[in-house]
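Asker: The following comprises the amino acid sequence and a computationally predicted model.
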Amino acid sequence: MSQKNETTILVLALLITAGLVGGGIWWFTHQFSGLTGVSTNRSQQGVEFTGETFAQVKGVPSGLFNYGGSTTWAPIRQEVDSAIQTVWPQFRLRYTQPTNKAPGSATGIEMLLNNQLAFAQSSRSITAEEQQQAKQLGFTLKEIPVAIDGIAIAVNPNLNIPGLTIAQLKDIYIGKVTNWRQLGGANIPIVPYSRRLQDSGTVEFFVQNILGGENFGANIKFIPTTTEALQQIVNNPGAIYYASAPEVVNQCTVKPLPVGRTPGQLIPPYKSPFVPLSQCLSQHNQINISAFQSGEYPITRNLFAIVKNNGQIEQQAGNAYANLLLTNQGQELISKTGFVRIR
């Protein structure tokens, strides 16, 4: 073989080898880039699992940030947010209520749209109308699920029925069923209580998912707070009310009812066996965590951090807050408040 041919073969071999090596490096870096850090797309979304503890979360900004929204979130604000402040004192959080409306998911998102909050807390998803309003203002809204909650049904402790189906619950609240005798109970008029639709994400969720968008019946008694509603149930043998499970299950004066999709599948919102209310002062009932996580309990929902995607410090603050709640430390504290961890 001539020297010229040998040189040509050598050059071709080197080019092929270089191509194989380069291709291998490209494949390796693209296949395993996710193991060394958050991918570009995930980083743009702003949700990163950067550590097990609050201290390990990256990108927590400094400053005073107003936040607000859902009343369902009150236990988280008390337990979790105070712990965040201990670890990140420069990330100062100030809960802000509306001046002329009742606090709730809808008013929190409205305040976020009106530039009164850095981020919001919600017990229901963003609506198409809210997202459209955000786009008209030049940004988008993002909902980040951070916990699981259930809606519990509270009745007077002396009411003797095994539970309610979703259909029966709907019939009560649209006014189709008005006496407990119609549901196998005593001859007692049903007195259904609710907060107003415009005041609560819980009510919005209930209307959409239980009533199927139908209106409340004319017999509904509207009441401003869950505390007042639970007090009414104690004094009224026919009363019924719905609220976030942590607000109902561990109470010592009302009875949470099992709920099911069918009469033969009634699932309690509490961990069985039920602790009699006479023993409640020493041993509270606990949330039925496994049924909430599996979806076996039929009325569950996510709690969301609502972030303003505007490329500003508000977006950084909202993403940081969600990331803090999604750490193992945040999830453990959330479970202490009675909600169910989402991861």
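Answerer: Thanks, I have it. Numbering: from 1, shown residues only.
Asker: List the residues that contact the spatially most central residue of the chain.
Answerer: Centroid check for the chain by Cα atoms, centre = their mean gives Leu303 as the closest residue, at 0.9 Å. Neighbour list for Leu303: 70, 72-73, 76, 121-123, 145-149, 339 [criterion: Cβ atoms under 8 Å, 6 or more residues apart in numbering]. Every residue, glycine included, has its C-beta placed from N, CA and C.
Asker: and Tyr193, which of the three is it?
Answerer: Three-state assignment for Tyr193 (DSSP: H, G, I helix; E, B strand; the rest coil): strand.
Asker: Report how many residues lie close to it.
Answerer: 22 (other Cβ atoms under 10 Å).
Asker: That one touches Ala229, doesn't it?
Answerer: Yes. Counting by Cβ atoms under 8 Å, Tyr193 does reach Ala229; the two are 4.6 Å apart.
Asker: overlap in contacts of those two?
Answerer: What both Tyr193 and Ala229 touch, as defined by Cβ under 8 Å, 6+ apart, is the set Ile223, Tyr241.
Asker: And the strands in the stretch 51-200 of the chain?
Answerer: 63-69, 91-95, 119-122, 140-155, 164-165, 191-194 (DSSP state E, counting those that start in this stretch).
Asker: so of these, which one's packed in deepest?
Answerer: Of all those, strand 119-122 has the most neighbours on average by mean count of other Cβ atoms under 10 Å, namely a mean of 28.
Asker: Now do that one: everything it contacts.
Answerer: By Cβ under 8 Å, 6+ apart, strand 119-122 touches 65, 67-70, 73, 76-77, 105, 108-109, 111-112, 143, 201, 303-308, 314, 317-318, 321.
Asker: mind listing which of those residues are in helices?
Answerer: Judged by DSSP state H, the subset of these located in helices is Ile76, Arg77, Ser105, Gly108, Ile109, Met111, Leu112, Gly201, Glu314, Ala317, Gly318, Tyr321.
Asker: with those residues in mind, which one is nearest to Gln286?
Answerer: Nearest to Gln286 among these is Ile76, at 17.6 Å by Cβ to Cβ.
Asker: What about that closest one, how many residues nearby?
Answerer: Ile76 has 23 nearby residues by other Cβ under 10 Å.
Asker: for the one 3 residues further on, same thing?
Answerer: Counted by other Cβ under 10 Å, the residues lying close to Glu79 total 14.
Asker: just Gln232 next, same as before
Answerer: For Gln232, the number of neighbouring residues by other Cβ under 10 Å comes to 16.
Asker: Give me the pLDDT for it.
Answerer: With respect to pLDDT, Gln232 has a value of 95.
Asker: how far away is it from Asn114?
Answerer: Plainly put, Gln232 is 34 Å away from Asn114 if you go by Cβ to Cβ, to the nearest Å.
Asker: Please name the nearest non-neighbouring residue to Gln283.
Answerer: In this structure, Gln283 finds its nearest non-sequential neighbour in Val275, 5.2 Å apart by Cβ to Cβ, 6 or more residues apart in numbering.
Asker: So that neighbour is in contact with Pro268, correct?
Answerer: No. Look at Val275 against Pro268 with Cβ under 8 Å: they stay out of range, at 11.4 Å.
Asker: residues contacting the closest residue to Leu137 other than its chain neighbours?
Answerer: If the residues on either side of it in the chain are set aside, Leu137 comes closest to Leu113, at 6.6 Å by Cβ to Cβ, 6+ apart. Contact partners of Leu113, counting by Cβ under 8 Å, 6+ apart, are Glu130, Gln133, Ala134, Leu137.
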